[in-house]
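**Q** Curious how this folds, go ahead:
(2 chains)
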Number of protein chains: 2
Amino acid sequence: MRWIRYSHGGRTGYGILEGDRITEVSGDPFNGFERTRTTCELKSVKLEVPVVPPTFYCVGLNYAEHIREVAAKQGIKASLPEQPDVGYRAVNALIAHEEAVVIPRDASKVQYEGELVVVIGKKAKNLSEAEALSCVLGYTIGNDVSERVWQKSDRTLWRAKNADTFKPMGPWIDTQVDLDALETRVRLNGKETLRFRTNDMIFGVARYISTMTRYLTLYPGDVIWMGTDGSSPDLKATDVVEVEITGLGTLRNPFIAET
Amino acid sequence: MRWIRYSHGGRTGYGILEGDRITEVSGDPFNGFERTRTTCELKSVKLEVPVVPPTFYCVGLNYAEHIREVAAKQGIKASLPEQPDVGYRAVNALIAHEEAVVIPRDASKVQYEGELVVVIGKKAKNLSEAEALSCVLGYTIGNDVSERVWQKSDRTLWRAKNADTFKPMGPWIDTQVDLDALETRVRLNGKETLRFRTNDMIFGVARYISTMTRYLTLYPGDVIWMGTDGSSPDLKATDVVEVEITGLGTLRNPFIAET
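**A** Residues are numbered from 1 along each chain as shown, chains lettered A, B, ... in the order given. As a prediction, the model looks like this:
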């Protein structure tokens, strides 16, 4: 099932996407819902961020190739993380599919990071790895836009990762996903620049959820961005970045300059 | 004015605290409100976290003495931050005044950090330092409970700072505050263990808000915890920590062991 959050006719809410048609629901996927008799065409609506998370988790270093690339650029030896440490991003930065990433005037080195996003559906604490995926509603796509100069100077990555519009997420949430079958492809201005097996993570989704819920409670609507592989060219205004994950759709965002 | 968030008679919502009496309001301090004719005694209600923030900001190193203490314990030279870098905490960890901090079974070095908390009242972007405080609704108190062993091993401080119950906040929000008149006092089991001038920050509230809103939008209900001074003894189950800030009240939380 595909959950879509959208605005149409002055209303913002959830619907179920089947083919190119949306069936409006009352309620939402987290607290219960009912299908209504109202339907509309996908192309007639404005897509919204598929969920505004209570807590916005994001994994920083979770693919070996990405870690080697980062280390090489910093001129240091690559070392893989020894435990699943989850970090945070901020909801101010979220934008939807097709909305514009605004490059701040003083930004000089902006890059994409195409990521699988886990959407939590149920309150969860102390889940074993075997039962971890039971709290997952579904998956969507994120682009963890990063400013690499600020990433070196900000102790906390607050500007580098969380400037307004730096976190495109969407287009929708898919509930039937075979993690091992997924491939992530990133296209810059229509040309493929990166491709990797989505599940080729150092610590997978179940391991992360199990480790996290030993110490914290996950809540419905929380999201976990699972990190990226490879590297990115530097982006400029007028660029368009698409992140596609097999079966999950394509998250597409133009980049524009701050005015 | 004092805004209090509380549960009473099966309802959770906002009220205005005058002396020991609460006047229930319809609405809330962020989106508009009206006083109702319903009042009750402060002692008859359960206090709730005064706001569940859309984004939970927290300043890590903002008092010179605290930085020197941290550096001394790590055996490194103290260096003051060169710019106001704001970090993040997570809402899963929030608890209210009088609720218990649960020390995880495998935690070994738990400490308090008494902090001034800024509560944002209005959407804000690109505020100058002179106009920065115009977006502030008021102030409350936070205890940034930290596990120091995990603080060294977690790349992101996720367990060290954000284990469930590690973020007491309250007791209420005070809208009339003279920052320069504030003093923070921490008491452990009734005995004062720390006292510092609350506004003796490296970068003050206005400077932080101005710098942050250059790159990000602050939203109503966002909170910024402003950091702590000094150091803390190691805490154990049965301890009770009180953080008092002049005029803002006292945030009191017992510590218990995970069962």
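**Q** so what's the residue most central in space within chain A bridging to?
**A** Most central residue of chain A, judged by C-alpha distance to the mean C-alpha position with Cα atoms, centre = their mean, is residue A:142 at 2.2 Å. Per DSSP bridges, residues listed as beta-bridge partners of residue A:142: residue A:115, residue A:169.
**Q** From what I see, it and residue A:118 are in contact.
**A** No - at 10.0 Å, residue A:142 and residue A:118 do not qualify as touching, with contact defined as Cβ atoms under 8 Å. No exception for glycine: its C-beta is placed from N, CA and C like everyone else's.
**Q** what's the overlap in contacts for those two?
**A** Both residue A:142 and residue A:118 are contacted by A:223, A:225, under the criterion Cβ atoms under 8 Å, 6 or more residues apart in numbering or on different chains.
**Q** Can you report how many residues neighbour whatever residue of the stretch 151-259 of chain A ends up closest to chain B?
**A** Of all residues in the stretch 151-259 of chain A, residue A:156 sits closest to chain B, with a separation of 3.9 Å (Cβ to the nearest Cβ). In terms of burial, residue A:156 registers 20 neighbours under the definition other Cβ atoms under 10 Å in any protein chain shown.
**Q** contacting residues for the residue nearest to it when sequence neighbours are not counted?
**A** Computed as Cβ to Cβ, 6 or more residues apart in numbering or on different chains, the closest residue to residue A:156 that is not its neighbour in sequence is residue B:87, at 3.9 Å. Residue B:87 makes contacts with A:155, A:156, A:158, B:57, B:58, B:59, B:60, B:157, as judged by Cβ under 8 Å, 6+ apart.
**Q** ok, 6 Å please
**A** The neighbours of residue B:87, taking Cβ atoms under 6 Å, 6 or more residues apart in numbering or on different chains as the test, are A:156, B:58, B:60.
**Q** what about the host helix or strand of it, distance to the chain center?
**A** Secondary-structure assignment from DSSP states H and E places residue B:87 in strand B:86-88. Taking the mean C-alpha point of strand B:86-88 and that of its whole chain, the gap between them comes to 13 Å (Cα atoms, centre = their mean, to the nearest Å).
**Q** List the neighbouring strands of that strand plus their orientation.
**A** Strand B:86-88 has these partner strands in its sheet, going by DSSP bridges: strand B:56-59 (antiparallel).
**Q** which residues are in contact with the strand it pairs with?
**A** Contacts with strand B:56-59, where a contact means Cβ under 6 Å, 6+ apart, come from B:86, B:87, B:89, B:91, B:223, B:224, B:225, B:226, B:227.
**Q** one more time with 8 Å, if that's ok
**A** If you take Cβ under 8 Å, 6+ apart as the criterion, strand B:56-59 is touched by B:84, B:86-91, B:94, B:115, B:144, B:161, B:167, B:203, B:208, B:212, B:222-227.
**Q** Now for residue A:65, how many residues are close by?
**A** Neighbours of residue A:65 under the rule other Cβ under 10 Å: 15.
**Q** for residue A:241, that is, sorry about that
**A** Residue A:241 has 23 neighbours, counted by other Cβ under 10 Å.
**Q** any idea how far the closest residue to it other than its chain neighbours is from residue A:248?
**A** Counting by Cβ to Cβ, 6+ apart, the nearest residue to residue A:241 once its immediate chain neighbours are dropped is residue A:112, at 4.9 Å. Computed with Cβ to Cβ, to the nearest Å, the distance linking residue A:112 and residue A:248 is 16 Å.
**Q** now do residue A:111
**A** Spatial separation of residue A:111 from residue A:248 under the definition Cβ to Cβ is 21 Å.
**Q** Looking at the two, which one has more neighbours?
**A** For the pair residue A:111 and residue A:248, the greater number of neighbours falls to residue A:248 (24 against 17), based on other Cβ under 10 Å.
**Q** Which pLDDT value does the model give the closest residue in space to the more buried one that isn't next to it in sequence?
**A** The shortest distance from residue A:248 to any non-neighbouring residue, by Cβ to Cβ, 6+ apart, is to residue A:174 (5.2 Å). Confidence per residue is given as pLDDT, and for residue A:174 that number is 98.
**Q** Show me which residues of the stretch 101-250 of chain A sit near chain B.
**A** For the stretch 101-250 of chain A, the residues found near chain B under the criterion Cβ under 8 Å from any Cβ of the partner chain are A:104, A:125, A:153-156, A:158-159, A:162-164, A:212, A:215-219.
**Q** do that again at 10 Å, thanks
**A** Counting by Cβ under 10 Å from any Cβ of the partner chain, the positions of the stretch 101-250 of chain A adjacent to chain B are A:104-107, A:125, A:147, A:150, A:153-160, A:162-166, A:211-219, A:222.
**Q** List only buried entries from these.
**A** Members of those that pass the buried threshold by neighbour count (16 or more other Cβ atoms under 10 Å in any protein chain shown) are listed as A:104, A:107, A:147, A:150, A:154, A:156-160, A:162-166, A:211-219, A:222.
**Q** Now, those residues that are in helices?
**A** Among those, the ones falling in helices (DSSP state H) are A:150, A:158, A:159, A:160, A:162, A:211, A:212, A:213, A:214, A:215.
**Q** out of the residues you listed, who's nearest residue A:186?
**A** The closest of these to residue A:186 turns out to be residue A:160 (Cβ to Cβ; 19.2 Å).
**Q** The helix or strand where residue A:137 lies packs against which elements?
**A** With elements taken from DSSP H and E, the one containing residue A:137 is strand A:136-143. Using 3 or more Cβ pairs under 10 Å, 6 or more residues apart in numbering or on different chains; DSSP states H and E as the contact criterion, the neighbours of strand A:136-143 among helices and strands are strand A:2-8, strand A:114-120, strand A:167-174, helix A:205-215, strand A:223-225, strand A:240-245, strand A:249-257.
**Q** domains for chain A, by residue range?
**A** Following automatic domain parsing, one gets these domains for chain A: A:1-47, A:49-257.
**Q** What count of nearby residues applies to residue A:31?
**A** 8.
**Q** Over to the one 5 residues further on?
**A** A count of neighbours around residue A:36, defined by other Cβ under 10 Å, yields 13.
**Q** so what's it scoring on pLDDT?
**A** Reading off the per-residue confidence, residue A:36 sits at a pLDDT of 97.
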